[in-house]
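A.B. asks: Below are the sequence and a predicted model for it; my questions follow.
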Amino acid sequence: MIEFFKEPNIDWMGKAKYFYALSAILLLAGWASVFLNHGLRYGIDFKGGTNVDVRFAQPPNIDEIRKGLTVQGLGNSEIQSISNGGLGTKSNEVLIFVEQKGQGDEALDTARSQVITALNSIYGVKDSSKPDFNAATPSSLAALLNANDPLHLSTNAGDRYQQLAKKILVYRDDTKGGVLTNFDELSRVDGVTPTVLSTLKSNYALGNFAVRNVEVVGPKVGGELRRQAIFVTLYALAGMLVYIAFRFEWVYGAAAVLAVFHDVLITLGFFSLLHYEISLTVIAALLTLVGYSMNDTIVIFDRIRENNRLLRRESFADVVNKSINQTLSRTILTSGLTFLTVLVLFLMGGQVLRAFSFALVVGIVVGTYSSFGIAAPLVVAWNRWRGQGAVAGPGPAAGNKTRSSESVSARLAPAGRR
Amino acid sequence: MNPNLKWKAVFIFVVILGCIYGLLGLPTFPTSVADVKSNFAHQIKLGLDLQGGTHLILQVQVQEAIAQETDQTVDRLTNQLRAKNIRYDEVRRVDDTHIVVRNLPSAQLSDFRDLVASQLQNEWDMSPTAGEPSSYTLTLRASRVASIKDQTMQQSLETIERRINALGLTEPTIQIHGRNDNEILVQLPGEGDPSRAEAVIQAGGQLELRLVEDPSPYPSQAAALAAHGGVLPPGTELVPGRADSRNPQDTGEVWYVLSRTVVVSGRDLRSATENRNTNNPGQWQVNFSLSSEGAHRFGPFTEQNVHRQMAIVLDHKVYSAPVINSRIDDNGFIEGNFSEASAHDLALVLRAGALPASIKYLEERTVGPSLGADSIRHGVQASVLSLLVVMIFMLFYYRMSGGNAVLALILNLVILMAVLAAFGAVLTLPGIAGVILTIGMGVDSNVLVFERIREELRNGKSPASAVQAGFDKAFLTIIDTHVTTVVSAFFLFLFGTGPIRGFAITLTIGLIANVFTAIYVSKTIFEYHLTKMDRQAELSI
């Protein structure tokens, strides 16, 4: 049997005040930065506006892009380089954000077309008579091939050109990252003959950029999504509170929900400290962290419930300590493995998953910590407070559904009289 | 082997084989590796965020259809009041759902009430207007408003569907979005350029036939207002016309004073075709015919208004304003400066069905194919690597029992994928979040059980009873953690939309699968192992 951890004998509850202090510091640091930064950085999902993600053939000149945007009346757009490669490589990719103008009654996609016009004026195809190959879609390319028929196909021409168009664009998008710089490279694609190549060359020009992603979110949607995210999370927390109250006692439910709430707040604080944006996927990550942290807390609570029945002579705090110690090896194993999983995702998952996996990396550490550092001490503190203020006698146990004949609180009242 | 165990094993194998068949064996039984791959790709659909494509959310301006209904009622009521010789000062639409009828003579009040009762009984409520003794306010009933809304949404949905389908894109999704905000979701997988779809959707095609109240068109809004002493006649509005068709140089504005009432709208259209103009074969026109319900209204209207002008309004612009020569029941045409192609396009849009109300864009997301490919590559690489790390660790730390955990994890993912495929659910980024939480809790379930078994072994129990006790004690914990999470997922599903729902669905399926694999399957393997092994031997855990 390989064992990393022997059951330790740590007085967790004795350290509760340090845990409280640590949490207070984390919360304060995070939320001070939130307020100093004028609120959390919402992604486009929540604030509305237009995001255009562009990849260039060479690292672009940001000043030039801004000049082009200013001509289009978008001088105060945010332009942000995105680095995908390792350190030191110059980024070819840029994210342009244009704020929502007016109340959105005008066509939503004006900003998008203005941005693309601006980019076209700098990096686009100079010969305006030919369309840009880097902007071609499978359907338009297939149609063009079909019309020119470079392979002189007699049967199934439409289908076969569609297949070919797909292959060519998969090469452009997957292998070349969306920006082709030289038509001749396409000869590597299976099925591209010299005649196909010359058809492409004579019908298309090559621009120096490709639009990778466009998001346009109206102002109404943004506000709605923000409201919905908050309410949905609150409902989910309330649902959990009720279930835990039903299975344990309401104070366990309250403590677990408070701890999870604490985790979400701290994670949001980290988002503000490190300037990550909060998007809809981040909300999914936060919900994941809620589930994870809750899972961790319940494992400990379950052990407390079980030990409460077995260890009648010991004080409640000792029972809690013992429960945490008994489950410690499990906690470290599970958290360690899950942490590893999301760490890999954070380091390797690429730009799209960055903020998402960051929330999970922070969330799993905080969520694990809060189970023994916040949730359990809160239950102990409540019991101690009730014990001291006890109006003699056990009092009716709220929601006592444990199968033991003696409830937790009935056993706790004597502890208060110690 | 004891028969109970045998049946458990059979059950497990049936479930697993069923899942694998569902994932790889459908829709056609594979005969090569390529078939297996294509089946898998067919069964597991990726969301737009992973695959690339365009996602649009549109809002149908339903209140326009409601206002139109109210305008039509004003018109009908006016005609009937006249027919019955009931005098009144004014019948006016107050807002989208209210009509006020002012100053009815007291002697005719009961006639008026009878008229409303017989004609508008089912759809309108009547009450005296506050502060005006001989006036009445009619209110469109909420039930009728709801049915107009439904009808408008349904028709918009069908129209957009027809138009998008005409583009020939692969597997577009067009559906009602959200619960009550009249939104429609359009998803076009693999389509990196939304402008084409947007152009077709936006191609209006909102046709209205309305009476021209003032025969002379005006060069500007101001001129029209001036001609009427600064105030337009009640029940009319100014609508711009297309520049004169006969003189392309003259791009000046034209404004018409039209009745607000829409006699016939796109809803009443049955067909539209492009034709050569009979009088001027160089010109093209669009002929249309009306449904019987539309013709029922159009016939009497044209009869009453012979020799007056009727405007053909398309997307809030007057295309032409021909004079009504005689009663027309169900056929008409639109003249304008049409070429054959433009007449064809207009007929197509009209035929595909006009939108019953206009459309506003709320949201547009386009994930380019290269970004989608990047996310898949990175996401899959990272997930596979982290799964491998977890599995190797479990094997190293729990040895033979670790094999159980690895098997349970793999089965969990297989079942999760199979159920997702069976539901036709798509895998999105938030869905992957659900998978990660599932894996986390799957690992946790195994660890909980194994640590418990170890504890029991340390307390000196025999392998068989330690396994039994370990599963028994961990069971309650696992159920509590899983039910809590499923409860929260239930709320997320109930109140969330789009990505949040995807997360909730994946998570719920994953957790149920996990209880099956981490407890039922894993315990069965342990039991089998225990029957085979020597009573004195140590458990490999």
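C.D. replies: On my side now, so go ahead.
A.B. asks: mind listing what the residue nearest to B:Gly403 when sequence neighbours are not counted touches?
C.D. replies: Closest residue in space to B:Gly403, ignoring its immediate chain neighbours: B:Leu395 at 6.4 Å, by C-beta to C-beta, 6 or more residues apart in numbering or on different chains. C-betas here are computed from N, CA, C, even on glycine. Applying C-beta atoms under 8 Å, 6 or more residues apart in numbering or on different chains, we find B:Leu395 in contact with B:Gly402, B:Gly403, B:Val406.
A.B. asks: Relative to chain A, how far out is the second one?
C.D. replies: In this structure, B:Gly403 lies at 15 Å from chain A, with C-beta to the nearest C-beta, to the nearest Å as the measure.
A.B. asks: Any chance of the backbone angles for that residue?
C.D. replies: Dihedral pair for B:Gly403: phi -60, psi -40, per degrees, to the nearest 10.
A.B. asks: The first one now?
C.D. replies: Taking degrees, to the nearest 10, you get phi -60, psi -30 for the backbone angles of B:Gly402.
A.B. asks: Residue numbers of the stretch 1-150 of chain B in contact with chain A?
C.D. replies: Residues of the stretch 1-150 of chain B that fall close to chain A, judged by C-beta under 8 Å from any C-beta of the partner chain: B:Asp49, B:Gly52, B:Ile57.
A.B. asks: How are the helices of the stretch 151-300 of chain A distributed by residue range?
C.D. replies: Ranges of helices within the stretch 151-300 of chain A are A:157-170, A:194-203, A:219-247, A:250-273, A:280-310, based on DSSP state H, counting those that start in this stretch.
A.B. asks: Of the residues of the stretch 1-150 of chain B next to chain A, which is the most crowded?
C.D. replies: Highest neighbour count within the residues of the stretch 1-150 of chain B next to chain A: B:Asp49, with 27 neighbours (other C-beta atoms under 10 Å in any protein chain shown).
A.B. asks: Give me the residues contacting stretch B:290-310.
C.D. replies: With C-beta under 8 Å, 6+ apart as the test, stretch B:290-310 has contacts from B:209-212, B:215, B:263-264, B:267-270, B:321-332.
A.B. asks: mind listing what residue 173 touches?
C.D. replies: Since you didn't name a chain, this refers to chain A. B:Gly52, B:Gly368, B:Pro369, B:Ser370, B:Ala373.
A.B. asks: that's the wrong chain, I meant chain B
C.D. replies: Taking C-beta under 8 Å, 6+ apart, we find B:Thr173 in contact with B:Leu185, B:Val186, B:Gln187, B:Pro189.
A.B. asks: Kindly recompute the last result at 10 Å.
C.D. replies: Taking C-beta atoms under 10 Å, 6 or more residues apart in numbering or on different chains, we find B:Thr173 in contact with B:Leu48, B:Gly53, B:His55, B:Glu161, B:Ile164, B:Leu185, B:Val186, B:Gln187, B:Leu188, B:Pro189, B:Val426.
A.B. asks: Who does it form a beta bridge with?
C.D. replies: Bridge pairing for B:Thr173 (DSSP bridges) gives the partners B:Gln187.
A.B. asks: From chain A, how far off is it?
C.D. replies: B:Thr173 sits at a distance of 17 Å from chain A (criterion: C-beta to the nearest C-beta).
A.B. asks: Kindly report the same for B:Ser135.
C.D. replies: 35 Å.
A.B. asks: sorry, back to before: which one (most neighbours) among the contacts of B:Thr173?
C.D. replies: Greatest neighbour count in the contacts of B:Thr173, by other C-beta under 10 Å, goes to B:Gly53: 27 neighbours.
A.B. asks: Mind pulling up the pLDDT for it?
C.D. replies: pLDDT for B:Gly53: 83.
A.B. asks: Need the pLDDT of the residue nearest to B:Gly403.
C.D. replies: 92.
A.B. asks: Over to B:Phe471?
C.D. replies: 93.
A.B. asks: again, but for the one 10 residues further on
C.D. replies: pLDDT, B:Thr481: 89.
A.B. asks: other SSEs contacting the host helix or strand of it?
C.D. replies: Take DSSP states H and E as the rule and B:Thr481 turns out to sit in helix B:463-495. Contact here means 3 or more C-beta pairs under 10 Å, 6 or more residues apart in numbering or on different chains; DSSP states H and E; on that basis helix B:463-495 packs against helix A:219-247, helix A:250-273, helix A:280-310, helix A:316-348, helix B:429-458, helix B:498-515, helix B:522-532.
A.B. asks: right, and the ones you listed - which one's nearest A:Leu151?
C.D. replies: helix B:429-458 (39.1 Å; C-beta to C-beta).
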